[in-house]
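Enquirer: need a structure here:
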Amino acid sequence: MSDLKLRRDKSRITEVGEFVELEAGPDVVNSPLYNEDIAPTEIGQRTWTTWNIAALWVGMAICVPTYTLGGVLTSYFGLDVTEALITILLANIIVLVPLTLNAYPGTKFGVPFPVLLRSSFGIFGSNIPALIRAMIACGWFGIQTMFGGMAIHLLFSAMSDSWASLGGTGEVIGFFIFWALNVFVAIRGSESIKWLETLSAPLLLAVGIGLIFWASPQIDITQLIDAPPSRPEGASVWKYFFGGLTAMVGFWATLSLNIPDFSRFAKSQKDQIWGQIIGLPLTMFLFATLGVILTAASTKLVGESVSDPISLIGKIDSPFWVILSMLIIIIATISTNTAANIVSPTNDFQNVFPKYINMKRGTLLTGLVGILLMAWELLRKLQWVQSDVSVESMYSNWLLGYSSMLGPIAGVMIVDYFITRKQRINLIDIYKTGGEYPNFNAAGLLAFFIPVALTVIALITGQMMWFYDYGWFTGSALGGVLYWQLTKQGLGQIRQPESR
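Expert: Numbers count the residues shown, from 1 in each chain. Now for the predicted structure:
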C-alpha cells in the first residue's frame with residue numbers, strides 16, 4: 001500500500017519539534033466524537049506569541065469584576081486594604097501553577113479543554129466536568145454582558161436625554177446590543193479574538209492611568225491604608241485571609257481548567273508560560289488596586305460611594321470623557337467576555353454532540369444560556385420583579401461555591417497528564433470509542449465526586465466547614481491524590497499510550 005493511500009485511509013500522528021500533530025483520516029473524521037472546530041490545531045495555526053498571550057490576559061483581567069475584588073475582600077472577608085491587595089497578588093501567583101501546567105498539553109498536542117478531559121474522565125465522562133465548566137462560564141457571560149449593557153446605556157445617555165430617560169429599560173436594550181457584539185466577535189474565531197485582545201490591552205491600560213490622574217487630587221493614600229478592617233476587633237487575620245485567598249483563586253479557577261482552549265494556538269511552551277506570567281498577576285493586582293482606590297475616593301469625587309467603574313465614569317460631568325471612556329470599556333468587556341466566557345462553553349457544548357454542534361451553534365447556545373441565567377436581573381431592571389441581591393454578596397458566595405467544584409477537576413487533569421500519562425496523549429483514540437480511553441473513567445469520576453460530596457456534607461451539617469471555606473485547595477489536593485491512588489490500583493483501565 002502506498003504512503004498516499006495510507007494517509008487517505010488511516011490517521012497519522014507526527015512529531016515536529018515540541019509539537020505533536022494529527023493528520024486525520026476517515027477513521028477519525030467520520031467518528032461521532034470529532035469535528036473540525038474541536039480537532040487538534042495544525043502546527044501552522046499555532047501562531048500566538050508571548051505578547052498575544054500576555055495581551056489576552058490583560059484583556060481578560062481588566063474588567064469590572066476585577067475592579068470590585070478589593071471591595072469584596074474588605075467588605076465580605078474582613079480584610080483591610082493592604083491585606084486585600086496582598087491576597088489578590090498572591091492568589092494570582094498561585095493560580096499561575098495550574099494555568100501553566102494545564103496549558104502544556106494544549107500547546108503540545110493542540111487539543112481543546114473538553115477533548116483533553118477525555119483522557120482523565122473518559123470519552124463520555126468528560127461531558128460531566130466540561131458542562132459544569134460551561135455553565136459557570138455562561139453565568140459569567142451573563143454578568144459581563146450586564147455590565148457591558150450598562151456601558152452602552154450610559155454611552156447613549158451621554159448623547160441623548162431621551163435615551164437616558166429609559167432608565168432600566170435602556171440597560172436591558174444595551175444588554176442585547178452588547179450580547180450581539182460578543183457573539184459576532186466569537187463566531188469569527190480565534191484570530192478575531194487575538195486581534196481584539198491585542199488592540200484592547202493598551203487602551204485598557206490607558207483608561208486605568210487616566211482614572212488615577214482624574215482621582216488623585218481626592219485620594220488620601222495614608223488614610224486609605226490605615227482604615228481598620230471590618231472583621232471583629234482582635235480576631236486573627238488568618239481565617240479571613242485564607243477564605244479570601246480561596247475566593248480569589250476561584251476567580252481564575254475557571255481559566256486554569258480551559259486554558260488549553262487558548263494554549264493550543266501558542267507558538268511554543270515558552271510563549272504560553274511567559275505570556276501568562278507577564279499578563280496575569282501584575283495586571284490583576286494593579287486593576288484591583290485601582291478599584292480599591294477609586295471606590296474609596298468616589299464619595300469625594302461624585303458625592304456617593306460607587307463600587308464599579310462604569311457607574312463612576314457615568315457620573316463624570318463631561319459628555320466627551322463619558323463617551324470616550326464608555327467606548328473603551330465596551331471594547332474591554334467584549335475582549336474579556338469573548339475570551340473568558342464564550343470560548344470554553346462553545347467547545348464544551350461541542351464535546352457533547354460534535355456532529356450536531358459546531359463552533360457557531362455552540363456560541364449561540366452559550367449566548368442563549370447566558371440570557372436565561374440573567375433573566376432575573378433583566379426582569380428586575382424592567383421593574384417586573386424585586387431583588388436586593390448585591391454584586392459583592394454574589395461574588396463572595398459564588399466564587400467559593402464553584403471553586404469547590406473546579407478544584408478537583410484541576411487536580412485530576414494535572415495528575416493524569418504529568419504522572420499517569422507521562423505527558424503523552426493518543427490523538428487518534430481520544431476522538432474514538434473502543435480505543436485506549438474508556439467511555440467512563442471511574443478513577444477520574446470518583447476523584448471528582450468524592451471532594452464535591454464532602455463539600456456538600458460540610459454545607460449541610462456545618463461540620464468540616466474548612467473543607468468548603470478552602471474549597472479550591474482542599475478539592476484540588478484531594479482530587480489529585482485520589483486519582484493518583486485509584487489509577488495505581490488499575491481503576492479506569494489506564495494504560496500507557498502507544499507511540500505512533
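
Enquirer: from here on, contacts and neighbour counts on C-alpha atoms
Expert: Will do.

Enquirer: which residues touch stretch 443-458?
Expert: Outside stretch 443-458, the residues that touch it by CA atoms under 8 Å, 6 or more residues apart in numbering are 120-122, 125, 404-405, 408-409, 412, 463-465, 467-468, 471, 474-475, 478-480, 482-483, 486-487, 491-492.

Enquirer: ugh, wrong one, I meant stretch 75-83
Expert: With CA under 8 Å, 6+ apart, stretch 75-83 has contacts from 70, 73-74, 224-225, 227-231, 237, 240-241, 243-244, 292, 392-393, 396.

Enquirer: among the residues you listed, the buried ones, what's the ChimeraX command?
Expert: Here is the ChimeraX command that selects the buried residues among the contacts of stretch 75-83 (16 or more other CA atoms under 10 Å):
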select :70,73,74,224,229,231,237,240,241,243,244,292,392,396
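
Enquirer: among the contacts of stretch 75-83, which are located in strands?
Expert: Counting by DSSP state E, none of the members of these fall within strands.

Enquirer: rewinding a little: in ChimeraX, select just the buried ones from the contacts of stretch 443-458.
Expert: One line in ChimeraX is enough to select the buried ones among these; burial here means 16+ other CA under 10 Å:
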select :120,121,122,125,404,405,408,409,412,465,467,468,471,474,475,478,479,480,482,483,486,487,492
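
Enquirer: just the strands from the chain, written as ranges.
Expert: Under DSSP E, the chain gives strands at 12-16, 19-23.

Enquirer: do you know which of these lies nearest Leu324?
Expert: strand 19-23 (43.4 Å; CA to CA).

Enquirer: residues touching the closest one, excluding its own?
Expert: So strand 19-23 is in contact with 7, 11-15, 40-43, 107-110, 427-428, going by CA under 8 Å, 6+ apart.

Enquirer: show me what contacts the nearest residue to Gly444 once chain neighbours are set aside?
Expert: Once flanking residues are discounted, Gly444 sits nearest to Phe121: 4.8 Å by CA to CA, 6 or more residues apart in numbering. Taking CA under 8 Å, 6+ apart as the contact definition, Phe121 lies against 440-445.

Enquirer: roughly how far does Ile209 sit from Ala458?
Expert: 44 Å (CA to CA, to the nearest Å).

Enquirer: looking at the two, which one has more neighbours?
Expert: Comparing Ile209 with Ala458 by other CA atoms under 10 Å, the one with more neighbours is Ala458, at 17 against 12.

Enquirer: determine the longest helix present in the chain.
Expert: helix 127-159 (DSSP state H).

Enquirer: buried set for that helix?
Expert: Per 16+ other CA under 10 Å, helix 127-159 contains these buried residues: 127-131, 133-158.

Enquirer: coming back round to it: want to throw the strands of the chain into TSV with distance to Ala186, mean neighbour count and mean pLDDT?
Expert: Output for these, formatted as TSV (distance: least, CA to CA, whole Å; neighbours: other CA atoms under 10 Å; pLDDT from 0 to 100):
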stretch	distance to Ala186	mean neighbour count	mean pLDDT
strand 12-16	30	13	91
strand 19-23	25	19	94
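
Enquirer: okay, those strands in CSV with distance to Lys267 next?
Expert: Formatted as CSV, the strands of the chain follow (distance: least, CA to CA, whole Å):
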stretch, distance to Lys267
strand 12-16, 12
strand 19-23, 9
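
Enquirer: could you say which one of the ones you listed comes nearest to Leu89?
Expert: Closest among those, using CA to CA: strand 19-23, at 32.6 Å.

Enquirer: ok, that closest one: who's next to it in the sheet?
Expert: strand 12-16 (antiparallel) (DSSP bridges).

Enquirer: what about the helices in the stretch 51-200 of the chain?
Expert: Along the stretch 51-200 of the chain, counting by DSSP state H, counting those that start in this stretch, helices occupy 64-76, 81-109, 113-121, 127-159, 161-164, 168-187, 190-215.

Enquirer: out of those, which one sits most buried?
Expert: helix 113-121 (a mean of 29; mean count of other CA atoms under 10 Å).

Enquirer: I'd like the mean pLDDT over that helix, please.
Expert: The average of the pLDDT scores along helix 113-121 is 97.

Enquirer: cool, and stretch 147-154?
Expert: Per-residue scores along stretch 147-154 average to 89.

Enquirer: do stretch 346-366 as well
Expert: Regarding stretch 346-366, the rounded mean pLDDT is 94.

Enquirer: check which residues of it are buried.
Expert: Judged by neighbour count (16+ other CA under 10 Å), stretch 346-366 contains these buried residues: 346-352, 354, 357-360, 362-366.

Enquirer: which of those fall within helices?
Expert: Using DSSP H, the buried residues of stretch 346-366 in helices are 346-352, 359-360, 362-366.

Enquirer: circling back to that earlier point, quick one, the longest helix of the chain and helix 168-187 angle?
Expert: Calculated by axes from the mean of the first three to the mean of the last three CA atoms, to 10 degrees, helix 127-159 forms an angle of 130 degrees with helix 168-187.

Enquirer: report the distance from helix 127-159 to the chain centre.
Expert: Here the centre of helix 127-159 is set off from its chain's centre by 12 Å, with CA atoms, centre = their mean, to the nearest Å.

Enquirer: and what of stretch 58-73?
Expert: For stretch 58-73, the distance to the chain centre is 13 Å (CA atoms, centre = their mean).

Enquirer: so what touches it?
Expert: Contact with stretch 58-73 is made by 79, 81, 84-85, 88, 144, 147, 197-198, 200-201, 204, 244, 248, 279-280, 283-284, 287-292, 295, 307-310, 332-333, 335-337, 339-340, 392-393, 395-396, as judged by CA under 8 Å, 6+ apart.

Enquirer: now do stretch 419-435
Expert: 11-13, 22, 24, 28, 31-34, 105, 109, 115, 118-119, 123, 416-417, 436-437, 439, 484, 487, 494-498.

Enquirer: how far does stretch 417-428 sit from the chain's center?
Expert: The chain centroid and the centroid of stretch 417-428 are separated by 24 Å under CA atoms, centre = their mean.

Enquirer: what residues sit buried inside that stretch?
Expert: So, applying 16+ other CA under 10 Å, buried residues of stretch 417-428: 417, 420-421, 424-428.

Enquirer: farthest-separated two in these?
Expert: Across those (CA to CA), the longest gap, 18.5 Å, separates Thr420 and Ile428.

Enquirer: let me have the helices of the stretch 51-200 of the chain in TSV, extended by distance to Val322.
Expert: Shown next, in TSV, are the helices of the stretch 51-200 of the chain (distance: least, CA to CA, whole Å):
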stretch	distance to Val322
helix 64-76	16
helix 81-109	28
helix 113-121	39
helix 127-159	7
helix 161-164	13
helix 168-187	16
helix 190-215	11
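
Enquirer: and of those, who's closest to Ala375?
Expert: Distance to Ala375, taken as CA to CA, is lowest for helix 127-159 among the helices of the stretch 51-200 of the chain, at 9.1 Å.

Enquirer: re the thing from before, can you tell me how far the residue nearest to Gly444 is from Ile88?
Expert: Phe121 is 32 Å from Ile88, by CA to CA.
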